[in-house]
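Novice: From the sequence below, what's the structure:
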Amino acid sequence: MTAIAHSDDGAALVIDVIDEPDCTRIAVRGELDLESPDIFDPVVQDCIRRRQPLVVDLRETTFIGSQGVAAILRARRQLGDELGPITVCIGRDIQRRLFETTGVDTILNVVDHLDGS
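Specialist: Numbers count the residues shown, from 1 in each chain. Okay, the predicted model is just below:
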C-alpha cells in the first residue's frame, strides 16, 4: 500500500507499507510535518490492525516536525505494550538529536539501520 500527499507548498509525503516476515514497516519519504497526520494516522491505524510489531522507517524523510513526532507517539499509544515498542529507523543525525532532545528515544526503539539493510 502506498499513500501520497502534497502540502500547500508543494512538498510531498509518500508512505509505503511493507509486510516483512516479522513486522510491518512504514517507510516514509518526504516531510512528516503539520499536515502529515491526515495521511499518516490512517496508514498507522491499518498497520496496527495487522497485530505485528511496527517499524517506522524515516531514512528517506527530509524533515520531521513536532506533529510528525506526535503522530508516531500516538501510534505507540494505540499499539499498546503487547507487541513491544515501535522501532523508528532514522537516517540523519538531526533526527537522532530531535528524538534525544525530546526524550522520545526513551519511549521508542530508535535505531540507525534495520537488519538486512
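Novice: Quick one: classify Ala75 as helix, strand or coil.
Specialist: Three-state call for Ala75 (DSSP: H, G, I helix; E, B strand; the rest coil): helix.
Novice: Let me know the distance separating the closest residue to it other than its chain neighbours from Glu35.
Specialist: Leaving aside its chain neighbours, Ala75 sits nearest to Val44 (4.3 Å; criterion: CB to CB, 6 or more residues apart in numbering). Placement of C-beta: from N, CA and C, glycine included. Plainly put, Val44 is 15 Å away from Glu35 if you go by CB to CB, to the nearest Å.
Novice: So for the two, which sits in the more crowded spot?
Specialist: Neighbour totals were compared for Val44 and Glu35, and Val44 leads with 25 against 18 (other CB atoms under 10 Å).
Novice: That one in helix, strand or coil?
Specialist: Put simply, Val44 is helix when judged by three-state DSSP.
Novice: Tell me if I'm right that it and Leu73 touch.
Specialist: No - between Val44 and Leu73 no contact is recorded; they are 10.9 Å apart, counting by CB atoms under 8 Å.
Novice: Following the chain onward from the lowest-mean-pLDDT helix or strand in the chain, which element is next?
Specialist: None of the helices or strands of the chain scores lower by mean pLDDT, DSSP states H and E than strand 2-6, at a mean of 59. Next in sequence after strand 2-6, counting helices and strands by DSSP states H and E, comes strand 12-19.
Novice: chain center to that next one, what's the gap?
Specialist: Put simply, strand 12-19 sits 10 Å off its chain's centre (CA atoms, centre = their mean, to the nearest Å).
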